[in-house]
Each structure stands twice: as structure tokens, then as C-alpha cells.
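Asks: Predicted model and sequence follow; I will ask about them next.
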Amino acid sequence: MKIKKYILAFCLYISCSNTDKEYAAIGVIQDIKEDQNTIIIDHDSIPGFMMPMVMPFNFEHKKDVLGLSIGDSVKFKLVVTTDNSYACDFTILGRSEIIDDYDEFWDEDEYRNKEIGERLSDVSLLDINGDSISLSSLNEQFRFISFIFTRCPIPNMCPAVVIKNGVLANNFRDYNNLELIMVSFDYAYDSPTVLKDYYGSLISSYQNWNVWSSVGGISDLYMLSSEIGCEFWGIEENNIGHNLRSALIGPNMELLKVWEGDEWLAKDVRKDIENYMEIVK
């Protein structure tokens, strides 16, 4: 019964429907990764669905992107299913200049990726009640950290990361030596109040599943995200782009493992965490 309630809650959370939804979109191609069946598009606002973003979209067949090039301005159809999404029906409208929005701070020594085994810097952000909380306050515990933001509606990206964290929270419900932390990098919008509205009821029954806000803590967010390898941009311009990273932090703040993207499976991460709990004391 608990399992059924758990699944139902998450289905409601992502607004499950038996009907695929289609949206007309326009944007400029930033990159095409045929080996990953992914096309990155800086797209305009998609009415009724999402704000302007730089987003990696899946495509089903390589023929879908045949003839497309970086810098092409295109219109396309975005199909959103209950647990996935893909772009198709591309039409080239013209050419556009690619603007490099890469933030130089990622290259500064202060904001460098940590190697496995190195200790992370201590940072302080806000929990959903607006109280300051530091990474070091959870020392002597393992910490599984993921990065998300509430305005990401693509089911196989941030919402999928939330669901996978929920599976882990269910698996590790009775563990007092593990904290699951979802950090929002949207420091312009995702206040503690917003995060509480989105996730409060979802995490309320788990003592070790938390969501942290970066509002007012940009430098600490940059420190944490850069050391783990999560990059984001366009927050203040309201044109967000980002990659996805999750990481396991040891009891002494050491970086144990990093998972790239959103394709990791909760069952595999569970095994990894259990193994590290046996090895790292």
C-alpha cells in the first residue's frame, strides 16, 4: 500500500496524463550531439509550457536533424510525454549569430572542480523554512546532492531528478547517516517559500530529504556547484541554461562520486551509496 501511495504521489507531482502534449517552438541551434540524440536550442518562450531557456532536447532519429547546423534559427515541435520529451519537425527559418554566454567565473581558480577524494568547501544556503544551513553542519553524515530548479518542466530533466531522489529517499528512509539534498540554482526565483510550495508536501514525511534555496547566497552556490561540476547561466536574464550533476559527499566533506546528466538510475546509486557506507568510516 505504501508503494502505491508513493507512486501515486509522484505521478500527481509530474501531472501524469495518458495524452502526449505538443508545443510549437522557435529557437536557435547551439549544438547538435548526434551520438547522444540531443540538440541544444536557445529557444523563445513556449506559451503554456516554459520560459525561454537554453535546453538540450532529445530527438528520436538522426534523420530528424539532417541538414541542420549550429546557428540555424528553426521552428520545431516539442512533444512531451508523461516521462520524456523530444523535438521534431524542424524547419529552418534563417541564420543567427551564436552569442557565448559562458561565465568567466567558472575558469577562476576559486571556482574549480574538485577531484574525487578532495574535500569540498563549506557553504551556507537556506532550507525551505528560510533558515540558514551549512554543508558542514551535516558532517559525520553522507550527503547526496543534486541540482534542480522549479521552472524546468521537461519531464526527463529536473522533474526526473526529483523523482529519482524520491526513490532514494524511500530506500533510505530509516538511515540517519545520509542526507538527500536538492539545491536550486535559480537564485532569482526559487526562494524558500517557492520551494516549500513546490516540494514541501513531497519531502515532509522524510527526515533526511531536503531542498535548499540559493537566494541571497550566490557566491556559496557558485562555490558548491563549481566544485561538483554543475554549470548554469542566464539566471538574471531569465534565459536559463544548465547541465546536470549529482554527487555523493562523505562524512568529512570529501567528494566521493559524481553522476553526470539525468540518466543515472536510483537503483544503481543506491548500491553505490551502500558500498561507500561500508568502505568510508
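Replies: Thanks, I have the structure now.
Asks: And the strands in the stretch 101-250 of the chain, which stretches?
Replies: Per DSSP state E, counting those that start in this stretch, the stretch 101-250 of the chain carries strands over the ranges 124-126, 132-134, 142-148, 178-184, 209-212, 232-233, 240-242, 245-249.
Asks: Going by contacts, tell me the helices and strands next to the shortest one.
Replies: Judged by 3 or more CB pairs under 8 Å, 6 or more residues apart in numbering; DSSP states H and E, the packing partners of strand 232-233 are strand 240-242. C-beta: built from backbone N, CA, C; applies to glycine.
Asks: circling back to that earlier point, turn the strands of the stretch 101-250 of the chain into JSON lines, including mean pLDDT and distance to Tyr198.
Replies: Converted to JSON lines, those look like this (pLDDT from 0 to 100; distance: least, CB to CB, whole Å):
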{"stretch": "strand 124-126", "mean pLDDT": "98", "distance to Tyr198": "14"}
{"stretch": "strand 132-134", "mean pLDDT": "97", "distance to Tyr198": "18"}
{"stretch": "strand 142-148", "mean pLDDT": "97", "distance to Tyr198": "10"}
{"stretch": "strand 178-184", "mean pLDDT": "98", "distance to Tyr198": "9"}
{"stretch": "strand 209-212", "mean pLDDT": "98", "distance to Tyr198": "8"}
{"stretch": "strand 232-233", "mean pLDDT": "86", "distance to Tyr198": "18"}
{"stretch": "strand 240-242", "mean pLDDT": "84", "distance to Tyr198": "16"}
{"stretch": "strand 245-249", "mean pLDDT": "96", "distance to Tyr198": "19"}
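Asks: Tell me which of the ones you listed approaches Phe76 most closely.
Replies: Proximity to Phe76, assessed across the strands of the stretch 101-250 of the chain by CB to CB, is greatest for strand 240-242 (17.5 Å).
Asks: Could you list the low-confidence segments of the stretch 1-150 of the chain?
Replies: 1-19, 99-111 (pLDDT under 70).
Asks: again with the stretch 151-281 of the chain
Replies: Judged against pLDDT under 70, the stretch 151-281 of the chain has no low-scoring part.
Asks: go with 80
Replies: Applying pLDDT under 80 to the stretch 151-281 of the chain flags residues 238, 262, 281.
Asks: show me where it has helices.
Replies: For the stretch 151-281 of the chain, applying DSSP state H, counting those that start in this stretch gives helices covering 158-171, 192-203, 218-228, 266-279.
Asks: List the buried residues of the last one.
Replies: Right, the one you point to is helix 266-279. The neighbour-count check on helix 266-279 (16 or more other CB atoms under 10 Å) flags Ala266, Val269, Asp272, Ile273, Tyr276, Met277 as buried.
Asks: picking that back up, output the helices of the stretch 151-281 of the chain in a markdown table, with distance to Trp209 appended to each entry.
Replies: Below are the helices of the stretch 151-281 of the chain laid out as a markdown table (distance: least, CB to CB, whole Å):
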| stretch | distance to Trp209 |
| --- | --- |
| helix 158-171 | 4 |
| helix 192-203 | 4 |
| helix 218-228 | 18 |
| helix 266-279 | 13 |
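Asks: so the residue lying farthest from the centre of the chain is in which element?
Replies: Computed with CA atoms, centre = their mean, the residue of the chain farthest from its C-alpha average is Gly94, at 31.4 Å. Element membership for Gly94, per DSSP states H and E: strand 85-95.
Asks: close enough to count as contact, Pro192 and Leu125?
Replies: No: Pro192 lies out of contact with Leu125 (CB atoms under 8 Å); the separation is 9.6 Å.
Asks: Am I right that Ile70 is in a strand?
Replies: No: membership of Ile70 in a strand is not supported by DSSP: H, G, I helix; E, B strand; the rest coil, which gives coil.
Asks: ok, now which ones touch it?
Replies: By CB atoms under 8 Å, 6 or more residues apart in numbering, the residues touching Ile70 are Ile29, Gln30, Asp31, Ile32, Ile98.
Asks: Tell me if I'm right that the first one and Lys75 touch.
Replies: No: taking CB under 8 Å as the contact criterion, Ile29 and Lys75 are not neighbours in contact, 11.6 Å apart.
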